[in-house]
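>>> pasting the structure only:
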């Protein structure tokens, strides 16, 4: 799908074309990696932030309206950074008992409405090299299972939950009811539990 523009691929993604999203993702992975490198929070691995960026790209596809005159690249970057920052904030909420410092290293705002939310989080402690390796391995294994074993809605529900979204937010993003998200998560948990057991 190399001949398609980003906006055209986004339109295909809305129609449920997984190959279109894969093509778009290959184009935007460098941007996702670049954005995720700017932030850190205790307990949040680089892979977690990259996953949040992927979610942001997917949401950008769902929300993009070319009639508004904004280039898809700028729209996508806004959402990628927004979801990465949200993932960082969610990690911080889980680690409120740990003293953290915040230092701004990103001088380029991702949208006019949130100019004050640019920051990089420096942890009070540094995990060991072994902890980093083991956490990364577990995260990569889980993400691979999510990609290969779950349906589109199940995958979206799980990734949304990992991103700190509540059921209603996930449901609204995908145009379904809360019950559909609840059922998708139950199915996903069963599939992932079975896959992890079989891979053990």
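Alright, I've got the coordinates. Since this is a predicted model, take the numbers as computed values, not measurements.
>>> Pull out the buried positions in the helix or strand encompassing residue 50.
Residue 50 belongs to helix 46-63 when assigned by DSSP states H and E. If you call a residue buried by 16 or more other C-beta atoms under 10 Å, then helix 46-63 has these buried ones: 46-61. For the C-beta atoms, the positions are set from N, CA and C on the backbone; glycine is no exception.
>>> which residue packs closest to the spatially most central residue of the chain, ignoring adjacent ones?
Closest to where the C-alpha atoms of the chain average out (C-alpha atoms, centre = their mean) is residue 52, at 1.6 Å. Spatial nearest neighbour of residue 52, chain neighbours left out: residue 87 (3.7 Å); criterion: C-beta to C-beta, 6 or more residues apart in numbering.
>>> on contacts alone, who are the packing partners of the helix or strand harbouring that neighbour?
For residue 87, the host element (DSSP H and E) is helix 72-94. Contacts defined by 3 or more C-beta pairs under 8 Å, 6 or more residues apart in numbering; DSSP states H and E place helix 72-94 against helix 6-14, helix 18-36, helix 46-63.
>>> Select, out of those helices, the one closest to residue 152.
Among the helices and strands packed on helix 72-94, helix 18-36 comes nearest to residue 152, with 7.2 Å by C-beta to C-beta.
>>> The residue lying closest to residue 18 once chain neighbours are set aside and residue 21, how far apart?
Leaving aside its sequence neighbours, residue 18 sits nearest to residue 152 (C-beta to C-beta, 6+ apart; 7.2 Å). The spacing between residue 152 and residue 21, counted by C-beta to C-beta, to the nearest Å, is 10 Å.
>>> Comparing those two, which residue is more hemmed in?
residue 21 (20 against 12; other C-beta atoms under 10 Å).
>>> Does the more buried one touch residue 11 like I think?
No. When contacts are counted by C-beta atoms under 8 Å, residue 21 is not listed as touching residue 11 (11.4 Å).
>>> hang on, the earlier thing: quick check: the residue nearest to the centre of the chain touching residue 83?
Yes. At 4.6 Å, residue 52 and residue 83 qualify as touching, with contact defined as C-beta under 8 Å.
>>> Good, we can wrap up now.
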